[in-house]
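Peer 1: Just a sequence and a predicted model for now, questions to come.
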Amino acid sequence: MVNKIKGKMQKPLPEFLKEYDLPIGLFPQDATNYELSEDTKLLTVYIASPCEVGYKDSSVLRFSTNVTGYLEKGKLTHVEGLKTKILIWTKVTEVSTEATKVHFAAGMNKTRNRDAYEVVRDGVVVAKF
């Protein structure tokens, strides 16, 4: 995968996420590119169009065309561009991992089994984020 802005080779997104102890299937298959600011650790993931991804635990995440967050080992904080459906669509503000669990902070915390996010899945295009 080539970083379109910097024009240099970069690891595939699933491999990159694994290095930071995040599930490789956290983002949809059609995530087109990503950037990481080495100074601030701000991660930006680019997705072709707004989409939803359903996971094997029946959870659903909705992605904007740009998802940003500050990357740490096992955690993505101050997330923008990602929602999860609890009863209504709620903005996700943080994703963190702990052993076999993935924690989503979205107004309230939601913990799900990590193995549901270990497979990269296709997104279903939605009209708007």
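Peer 2: Done, it's in.
Peer 1: Could you identify the longest strand within the chain?
Peer 2: Among the segments of the chain that qualify as a strand by DSSP state E, the longest is strand 60-72.
Peer 1: how about that one: buried residues?
Peer 2: Residues L61, R62, F63, S64, V67, T68, G69, L71 are the ones in strand 60-72 that count as buried (16 or more other Cβ atoms under 10 Å). All C-beta spots, glycine's among them, are computed from the backbone N, C-alpha and C.
Peer 1: Out of the residues you listed, which two sit at the greatest distance?
Peer 2: R62 and L71 (20.6 Å; Cβ to Cβ).
Peer 1: Work out the sheet partners of the longest strand of the chain and label each with its direction, please.
Peer 2: Here strand 60-72 is paired, per DSSP bridges, with strand 42-47 (antiparallel), strand 51-54 (antiparallel), strand 75-85 (antiparallel).
Peer 1: can you pull out the helices in this protein?
Peer 2: Along the chain, counting by DSSP state H, helices occupy 13-19.
Peer 1: pLDDT-wise, which helix or strand of it ranks last?
Peer 2: strand 108-113 (a mean of 82; mean pLDDT, DSSP states H and E).
Peer 1: Would you check that T32 makes contact with A48?
Peer 2: Yes. T32 is within contact range of A48, at 5.5 Å (criterion: Cβ atoms under 8 Å).
Peer 1: Run through this protein and note the low-pLDDT ranges.
Peer 2: Applying pLDDT under 70 to the chain flags the ranges 1-8.
Peer 1: any idea how far D39 lies from P50?
Peer 2: 29 Å (Cβ to Cβ, to the nearest Å).
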